[in-house]
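can't give you the sequence, but here's the structure:
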C-alpha cells in the first residue's frame, strides 16, 4: 500500500472527510419508523443513485453528492484513502460505506439500465468504479466486471472515451458530450476531437476540460493501483486519463482561443489538472512507479 507519510497534507484536508462521510453513512441508511420497509429500495434509487440535473434538488444533499463530478471525486478520493497505510480502524467505516454504495449501484444495474448513467456532460460519471471495487472486495466475478456480465450496461466513462485520432495527434480522445454518436437534436454533442477547433459546433471542450476529465483521475489511479483495469473492461478510459495528465496542451489552448475565443488558460482548465491536490500528489508519486503499466498508450493506439 502507498505510505500515508508521503501525503501529510491529507489530515489537513478535513473537507475530504465531509465529502466522503456519506459513503460510510450509506451503510446505516434505514427507513423511518413510519415508512414501509418495501419503500426503501425505491427511495434509495431516487435519493442516492438515480439523480440527474433535472431532479438534483429532489434528494437530500447530505445523503450523497448530487452532481456527477462530486460523486466521482468522492468515490475516487475514498478509494485512494483506502490505498494508504492508515490504521485499519480509520479505514473500516469508509471501506464499508464505499462497498455498500457499490452493492447498491450493482443492484440498480441488474434491475435495468439507469438512464441517468448515460453520458451527458458530467452528470452520470462515478457510478462504475464503486461496483468494480465492491465486486473485487467481495470476490464476486460478475460484479467486479459489470460490463462483461451485462454487455448492454452503459457507463458515462466508457461512452465518453475512445481510441481515435485527435487533432492534437493523441490516439485516446474524449468521445463527446453525449458520447460518440451524440444527440439527434443537438449538433456537436458527439465525436469532435478528430476535427480542428475551427470546425467545432458546440463547446464540449468546456465539459472535457472544466468538469469531466479532472474528476476521473482519482478513479483511474485507484483502479491502476489495485490492478483492476481488466475488470473495468474499457482500455480507452485509462489511456485517455493518461493523456489528460501527460499531454502538453500549451499550443492547443492557444489554438482554441484563436479559433473560437474560448479561454482555457486557467490552471484548473488545463490538461494535467486533477480536482484535488491529494489526487494529483498521489498520481505524481505512483502512476509511473515501478511495476505500473505504461503511461503512453494514448500516443500509440488507434481503433477500438
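Looks like it came in fine. Just so it is clear, the model here is predicted, and its values are computed rather than measured.

please report how far residue 289 lies from residue 295.
10 Å (CB to CB, to the nearest Å). In this view, the C-beta of every residue, glycine as well, is placed from N, C-alpha and C.

what helix or strand is residue 236 located in?
Using DSSP states H and E, the element containing residue 236 is helix 235-246.

gap between that helix and the chain center?
Centroid displacement of helix 235-246 relative to its chain, using CA atoms, centre = their mean, to the nearest Å, is 12 Å.

now stretch 83-93
22 Å.

cool, stretch 99-108 as well?
16 Å.

for stretch 89-107, same thing?
17 Å.

so for that stretch, what gets flagged as buried?
Residues of stretch 89-107 classed as buried by neighbour count (16 or more other CB atoms under 10 Å): 91, 93-106.

got it, and stretch 148-164?
149, 153-164.

tell me where the model's unsure across the chain.
Scanning the chain for pLDDT under 70 picks out 1-66, 301-304.

now residue 153: which helix or strand?
Counting by DSSP H and E, residue 153 is found in no helix or strand.

got the phi and psi for it?
phi -70, psi 130 (degrees, to the nearest 10).

could you list every residue that touches it?
By CB atoms under 8 Å, 6 or more residues apart in numbering, residue 153 lies in contact with 109, 113, 146-147.

same question, residue 286
2, 221, 224-225, 292.

one more: residue 157?
125, 128, 216, 219, 234, 237 are the contacts of residue 157 under CB under 8 Å, 6+ apart.

in CSV: the residues you listed, plus neighbour count and distance to residue 179.
Shown next, in CSV, are these (neighbours: other CB atoms under 10 Å; distance: CB to CB, whole Å):
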residue, neighbour count, distance to residue 179
125, 29, 12
128, 29, 14
216, 28, 15
219, 29, 18
234, 17, 12
237, 23, 13
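
what's the closest non-adjacent residue to residue 224?
The spatially closest residue to residue 224, leaving aside those adjacent along the chain, is residue 292, at 6.3 Å (CB to CB, 6 or more residues apart in numbering).

for the stretch 201-304 of the chain, just list every one of the helices.
204-207, 213-225, 229-232, 235-246, 250-260, 277-286 (DSSP state H, counting those that start in this stretch).

got a markdown table for the ones you listed, with distance to residue 180 too?
Formatted as a markdown table, the helices of the stretch 201-304 of the chain follow (distance: least, CB to CB, whole Å):
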| stretch | distance to residue 180 |
| --- | --- |
| helix 204-207 | 12 |
| helix 213-225 | 16 |
| helix 229-232 | 18 |
| helix 235-246 | 11 |
| helix 250-260 | 21 |
| helix 277-286 | 27 |
